[in-house]
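> Coordinates only, no sequence provided:
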C-alpha cells in the first residue's frame, strides 16, 4: 500500500522570507522523518509529497496514492487547512484527518464557538472585531481575551492578550489585525483551569487519549498558555494528567463536540474553566501537531504511555476504515 505524505516544511518557508511566527504551525524535518519511519515500520511504502503546490503538480502529472497522510496546514485564507483535503476529495484519494468542511469551520474560532453553543454547551461570550471602528460594539465584562480569529499554535497570543480596559483593547486589536491581516476574536476571559483533551478515532469509534492539564510556572507569562510559553514549555509549563471530576466533564464535552462536528482520526480540544469551575469550550484542533517530542497531543500520549509510533498507527487505522474494501485494522495501543 502506497502512502503519500503532505506537509508544509517550515524550513522551506523560512528560506522564502517568511517569519518564525508566520511559520510556527509548519512542520520540522524531524516530524516528517518520524511519521515516515512509523509508516514504514507498519509496512507501508511512503512517498513524501510536500505542500499543496507539489501535490497539484503531481496530481496533474497523473500520480496517485492509496492513502495520503495529510498534515499540511496551508499558508493563506480561512480554508488553508482544507486545501489539500479538497484536492484529494476531487481526485477521490483517501486521506487522514478531517474533511475540508470540518477543517475550515474549526480554524475559524468564532464559527466553531457558534456551533458549539448551538449544541447547548458552554463557551465564553465573544464578538469578532474586523476593524478598529467596531470596538464600540464590544460589550463584554473586563477582562477580555483577544487573539487572531483563525490562528494556530498560540500564534498572536501573548501576555497582552488579557485586556483590562477599552484603550488597551484598541491597542491590542490594532496590533493583531495589522500583523496577521485577519479579524480578532474578543471573548470573556476564563480564569479557571485549562485542559487539552486528545481524541483518536471517528464517529462512534472515537475515544479519548486522555486529559492533560496545563500548569504555568512562575517564570512564564502569567495566566495564559501563550505562544512564548508554548515555545518554551520545558522551562515555563508543567503538564499533568487530569483525573478528577472536572477533567472528566471536560473529556465528555470534548468527545461530544468531536463526534457532533464530524472530526476524524485524531486531534485535540482545548477547554478552560470559568470562575465557578465550569468547563468551557475554547477551540478545537482537528489537525493537531505531531512533532515526536514537542506537540501537545504527543506530550499527552507520552503521559499515558503511548508512543509516537502508536499514535501514528491509530491515525492510519482510523483512516483505513474509510477505504473501500479495506479490512478494518486494530486501532493500536492508543
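Right, received. Where do you want to start? From a predicted model like this one, the values you see are computed outputs, not experimental measurements.

> Could you pull out the strands in this protein for me?
Secondary structure of the chain by DSSP state E: the strands cover 2-6, 45-50, 67-70, 126-129, 144-148, 162-163, 184-188, 194-200, 207-216, 237-241, 266-273, 279-285.

> do you know which of these lies nearest residue 15?
Among the strands of the chain, the nearest to residue 15 by CB to CB is strand 45-50 (13.7 Å). For the C-beta atoms, the positions are set from N, CA and C on the backbone; glycine is no exception.

> Next, the angle strand 2-6 makes with the closest one.
20 degrees (axes from the mean of the first three to the mean of the last three CA atoms, to 10 degrees).

> Quick check: which helices or strands does strand 45-50 pack against?
For strand 45-50, the elements it packs on are strand 2-6, helix 29-41, judged by 3 or more CB pairs under 8 Å, 6 or more residues apart in numbering; DSSP states H and E.

> Please enumerate the helices of the stretch 1-150 of the chain.
10-15, 29-41, 52-60, 83-90, 100-107, 109-118 (DSSP state H, counting those that start in this stretch).

> picking that back up, reformat the strands of the chain as a markdown table; add mean pLDDT, mean neighbour count and distance to residue 61.
Below are the strands of the chain laid out as a markdown table (pLDDT from 0 to 100; neighbours: other CB atoms under 10 Å; distance: least, CB to CB, whole Å):
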| stretch | mean pLDDT | mean neighbour count | distance to residue 61 |
| --- | --- | --- | --- |
| strand 2-6 | 98 | 21 | 13 |
| strand 45-50 | 98 | 17 | 12 |
| strand 67-70 | 98 | 26 | 16 |
| strand 126-129 | 97 | 19 | 41 |
| strand 144-148 | 97 | 23 | 36 |
| strand 162-163 | 97 | 22 | 50 |
| strand 184-188 | 98 | 23 | 41 |
| strand 194-200 | 98 | 26 | 34 |
| strand 207-216 | 98 | 20 | 38 |
| strand 237-241 | 98 | 14 | 44 |
| strand 266-273 | 98 | 25 | 30 |
| strand 279-285 | 98 | 23 | 33 |
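
> Export these as CSV, with columns for distance to residue 104.
CSV is the format used below for these (distance: least, CB to CB, whole Å):
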stretch, distance to residue 104
strand 2-6, 17
strand 45-50, 21
strand 67-70, 14
strand 126-129, 16
strand 144-148, 16
strand 162-163, 28
strand 184-188, 16
strand 194-200, 19
strand 207-216, 24
strand 237-241, 30
strand 266-273, 14
strand 279-285, 12
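
> circling back: so which of the helices of the stretch 1-150 of the chain is the most packed in?
Of all those, helix 100-107 has the most neighbours on average by mean count of other CB atoms under 10 Å, namely a mean of 22.

> hmm, back to that, do you know which of the strands of the chain lies nearest residue 20?
Of the strands of the chain, nearest to residue 20 by CB to CB is strand 144-148, at 16.0 Å.

> Please name every helix or strand in contact with that closest one.
Using 3+ CB pairs under 8 Å, 6+ apart, the elements in contact with strand 144-148 are strand 162-163, helix 166-180, strand 184-188.

> do you know which of those lies nearest residue 7?
helix 166-180 (22.2 Å).

> from the chain's centre, how far out does that closest one sit?
Counting by CA atoms, centre = their mean, to the nearest Å, helix 166-180 is centred 24 Å from the centre of its parent chain.

> partners of residue 145 in the sheet?
residue 162, residue 187 (DSSP bridges).

> quick one: contacts for it?
Listed by CB atoms under 8 Å, 6 or more residues apart in numbering, the contact set of residue 145 reads 124, 161, 162, 163, 186, 187, 188, 189, 190, 224.

> which sections of this protein are below the confidence cut-off?
For the chain, applying pLDDT under 70 flags the ranges 326-334.
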